[in-house]
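>>> Can you look at this prediction? I've put the sequence above it.
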Amino acid sequence: MRIVAGKHRGRRLEAPTGRDVRPTSDRTRQSLFNILAHGDWMEDGADLLEGADVLDAFCGTGALALEALSHSAARAAFLDKSRASLDMARRNAEMLREAGQCRFILGDAAQPPPAPFAARLAFLDPPYGKDLSTPALTGLSRAGWLAVGALVCVEVGAEDVFAPPSGFEPLDARDYSQARIHFLRHRG
């Protein structure tokens, strides 16, 4: 795994062994960030990534939020209920010298602890086939993790059924091999 663009382009990230964590592939991340960087996602016309507060829920390696930091996001919160995943995300952030802009929080996205800030951009990449996205979106919204108007990118398995809960407006969906990424607007 590596950072695909921005100031840390080409830097390698620690990746897990075994099957407990399924990181978003470099190719899918590159496509996702091309869409984010070149799309008109912000209702006020602002650059989505520049100075953004980012959430990476089900963070695993932390690659999604670290990619956002490489693209000029201001700070990132990493949320996972696995201590091993949070430790890996922290090591990757330290290796990129981005740990000072990061918060690492142990918790369940469906019942998260209080938010350190309301994110303008959020990534959710739960395990496929377990129907965790909808409860996580509801929990994160209720706990203040998502700013009103935030863009939320939810990765699910290509065969998974996904319907966003109320308060989330579907904007787009893209298929990438075994994955489908849904782009949602958080309406609060």
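Received it, and whenever you're ready, just let me know what you need.

>>> What is the neighbour count of residue 72?
14 (other C-beta atoms under 10 Å). C-betas here are computed from N, CA, C, even on glycine.

>>> Mean pLDDT per helix and strand in this protein: which one sits at the bottom?
helix 26-38 (a mean of 80; mean pLDDT, DSSP states H and E).

>>> List every C-alpha atom in the helix or strand just after it, with coordinates, as CSV.
Per DSSP states H and E, the first helix or strand lying C-terminal to helix 26-38 is strand 53-57. Taking C-alpha atoms only, strand 53-57 is exported to CSV below (Å, rounded to 0.1, in the frame of the first residue of the first chain):
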residue,chain,number,x,y,z
ASP,A,53,-11.6,18.1,8.9
VAL,A,54,-11.8,14.4,7.9
LEU,A,55,-13.3,11.3,9.6
ASP,A,56,-12.1,7.8,8.8
ALA,A,57,-14.5,5.4,10.4
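
>>> what does the next helix or strand along the chain from strand 53-57 rub up against?
Downstream of strand 53-57, the first helix or strand assigned by DSSP H and E is helix 63-70. Outside helix 63-70, the residues that touch it by C-beta atoms under 8 Å, 6 or more residues apart in numbering are 1, 3-9, 13, 23-24, 29, 32-33, 49, 52, 54-56, 59, 73, 75-78, 89, 92-93, 96, 98, 101-102, 121, 123, 125, 153.

>>> Check stretch 85-105 too.
3, 8, 11, 13-14, 16, 21, 56, 59-63, 65-66, 69-70, 74-80, 106, 112-113, 116.

>>> Separate out the buried members of those residues.
Applying 16 or more other C-beta atoms under 10 Å to those, the neighbour count classes 3, 8, 11, 13, 16, 21, 56, 59-63, 65-66, 69-70, 75-80, 112, 116 as buried.

>>> Would you mind naming the residues that bridge with the most centrally placed residue in the chain?
What sits nearest the mean C-alpha location of the chain, by C-alpha atoms, centre = their mean, is residue 123, with 2.1 Å. Note on residue 123: beta-bridge partners by DSSP bridges are residue 56, residue 153.
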